[in-house]
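Novice: got a predicted structure here, sequence first:
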Amino acid sequence: MATFIALYDACVLYPAPLRDLLIRLAGAGLCRAKWTDRIHEEWIRNVLRDRPELSRERLERTRRLMNEHIADCLVTDYEDLIETIGLPDEDDRHVVAAAIRGGAHVIVTSNLKHFPTGVLSRYSLEAQHPDVFVRHLWSVDEARVCEVVRRQRADLTKPAQSIEELLTTFEAQGLVETVARLRSSIELL
């Protein structure tokens, strides 16, 4: 089991293709992923705001499957730390508190400006954009990252997607450098 612990912020758990990739990377043992029920609530609320045709029940099923698929993923008992953390956006303090209590090394987030290096370094934490995070995992085990992407694409059946369509989706979600590396190993996908 991986010892590198990453706390996933709500903004990387929605959109679904990025969430799927990050969960699969953790499921493949490339890292240990963590989140909280509050982080779940945040991404679910955002999905329902943007996609009202989806039901809460469907998203609760996704939450349950995530929690079942990734061992020891839920961070609890972090609330007492929230008030002690100073961030530009007070609404993000719970993320840092959960990362601290969960023993995370990084917070995977697209909102880097919300997590200043000066604040995070006090807690031996770093915020990483998902593109940087996946590239880090690539450097650890390129073949396993390629296998995760290959399986993700193979599991897309409604509708099916070509590898190029999936890579284009990842690019649109900010994984530009990751996609460049994946394209260099296209024969493994």
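Specialist: Received it, and whenever you're ready, just let me know what you need.
Novice: please point out which parts of stretch 91-102 sit buried.
Specialist: 92, 93, 94, 95, 96, 97, 98, 99, 100, 101, 102 (16 or more other CB atoms under 10 Å). Backbone N, C-alpha and C define where each C-beta goes, glycine included.
Novice: try stretch 105-119
Specialist: The neighbour-count criterion (16+ other CB under 10 Å) identifies 105, 106, 107, 108, 109, 110, 111, 114, 115, 119 as the buried residues of stretch 105-119.
Novice: what sits against the closest residue to residue 124 other than its chain neighbours?
Specialist: Once flanking residues are discounted, residue 124 sits nearest to residue 105: 7.7 Å by CB to CB, 6 or more residues apart in numbering. Neighbour list for residue 105: 4, 5, 6, 124, 125, 126 [criterion: CB atoms under 8 Å, 6 or more residues apart in numbering].
Novice: the domain parsing of the protein - what is it?
Specialist: Domain assignment for the chain, taken from automatic domain parsing, gives 5-129, 135-188.
Novice: most packed of those?
Specialist: Mean neighbour count (mean count of other CB atoms under 10 Å) peaks for domain 5-129 among the domains of the chain, with a mean of 17.
Novice: what's the end-to-end length of that one?
Specialist: With CA to CA, to the nearest Å applied, domain 5-129 spans 15 Å between its terminal residues.
Novice: can you verify my assumption that residue 10 contacts residue 42?
Specialist: Yes - with contact defined as CB atoms under 8 Å, residue 10 counts as touching residue 42 (3.7 Å).
Novice: can you put the buried residues of stretch 105-119 in a markdown table and add secondary structure?
Specialist: Shown next, in a markdown table, are the buried residues of stretch 105-119 (DSSP: H, G, I helix; E, B strand; the rest coil):
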| residue | secondary structure |
| --- | --- |
| 105 | coil |
| 106 | strand |
| 107 | strand |
| 108 | strand |
| 109 | coil |
| 110 | coil |
| 111 | coil |
| 114 | helix |
| 115 | coil |
| 119 | helix |
